[in-house]
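[1] Compute the structure for the input listed below.
(chains A and B)
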Amino acid sequence: ILNVEQSPQSLHVQEGDSTNFTCSFPSSNFYALHWYRWETAKSPEALFVMTLNGDEKKKGRISATLNTKEGYSYLYIKGSQPEDSATYLCAFTGNQFYFGTGTSLTVIP
Amino acid sequence: KAGVTQTPRYLIKTRGQQVTLSCSPISGHRSVSWYQQTPGQGLQFLFEYFSETQRNKGNFPGRFSGRQFSNSRSEMNVSTLELGDSALYLCASSLNGGRGTDTQYFGPGTRLTVL
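    From the prediction side, this is the model:
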């Protein structure tokens, strides 16, 4: 069984705050690391896929970094807005997707 | 381009019954994966189908089965339902398979309640 861990489990921040969360995964047999955003009553939506150690990806106010040697990825949200409220999932891929349990973010107006 | 569709969206069954869920992938996608999500759990991988063949299977009992048709549409079947099967079932499609850099696109899910 392959463990992908995300922390924290949940987070409440004020609008305008910047925040970050962590995804930890096995450092062996690594193919890629995916981040998804899952809003309530919607489908999970792909944010980033990263493959190389040191990869950094950015999409608007959201960015992610990857460290494959130590097995972690960070997701950063700058200037959080209420519409950023969602569960953020990471997935490690080997021969299949292994998802973490997610970080639930609530942005308080 | 139409997204991934799943039917039905909600389902209520009783213990011992069986159920079939359907997933239509994005046009051109040949891989369909199925996941189960229960409260407090991450998405648990059930199986992946690619070009009508099961390519990968998660750690679920044999009561969970699936198939894929020549048009890439997929069905998932759960026989002899148990209370613990109550969950959100998501399917995801991708071009070549749920591995590596291939992004998976998710459907809205089927909420199954077993009474």
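
[2] Just give the nearest non-adjacent residue to B:Q44, would you?
    Once flanking residues are discounted, B:Q44 sits nearest to B:Q36: 4.7 Å by Cβ to Cβ, 6 or more residues apart in numbering or on different chains. For glycine as for every other residue, the C-beta is placed from the backbone atoms N, C-alpha and C.

[3] Same check on A:H34?
    Once chain neighbours are set aside, the closest to A:H34 by Cβ to Cβ, 6+ apart is A:A91, at 4.4 Å.

[4] phi, psi of the one you found?
    Dihedral pair for A:A91: phi -140, psi 130, per degrees, to the nearest 10.

[5] Enumerate the residues of chain B near chain A.
    B:3-4, B:33, B:35, B:40-43, B:45, B:48, B:56, B:58-59, B:90, B:92, B:98-101, B:103-109 (Cβ under 8 Å from any Cβ of the partner chain).

[6] ok, of those, which come out buried?
    Buried members of the residues of chain B next to chain A, counted by 16 or more other Cβ atoms under 10 Å in any protein chain shown: B:4, B:33, B:35, B:42-43, B:45, B:48, B:56, B:58, B:90, B:92, B:98-99, B:103-109.

[7] burial measure for the residue nearest to A:E15 when sequence neighbours are not counted, as a count.
    In space, and not counting its chain neighbours, A:E15 is closest to A:P109: 5.2 Å by Cβ to Cβ, 6+ apart. Neighbours of A:P109 under the rule other Cβ atoms under 10 Å in any protein chain shown: 8.

[8] B:R63 too?
    13.

[9] Would you mind measuring from the residue nearest to A:E15 to chain B?
    27 Å (Cβ to the nearest Cβ, to the nearest Å).

[10] And that residue, what's its pLDDT?
    Looking at A:P109, its pLDDT is 95.

[11] That one contacts A:E83, doesn't it?
    No. The criterion here is Cβ atoms under 8 Å, and A:P109 misses it with A:E83 at 10.4 Å.

[12] Please name the strands paired to the least confident helix or strand in chain A by mean pLDDT in the sheet, noting orientation.
    None of the helices or strands of chain A scores lower by mean pLDDT, DSSP states H and E than strand A:97-99, at a mean of 89. Neighbouring strands of strand A:97-99 in its sheet, by DSSP bridges, are strand A:86-93 (antiparallel).

[13] From A:R61, how far out is A:C90?
    18 Å (Cβ to Cβ, to the nearest Å).

[14] These two: which has the busier surroundings?
    Between A:C90 and A:R61, counted using other Cβ under 10 Å, A:C90 has the larger neighbour count: 31 against 13.

[15] Now the more buried one. Nearest residue, chain neighbours left out?
    A:C23 (3.4 Å).
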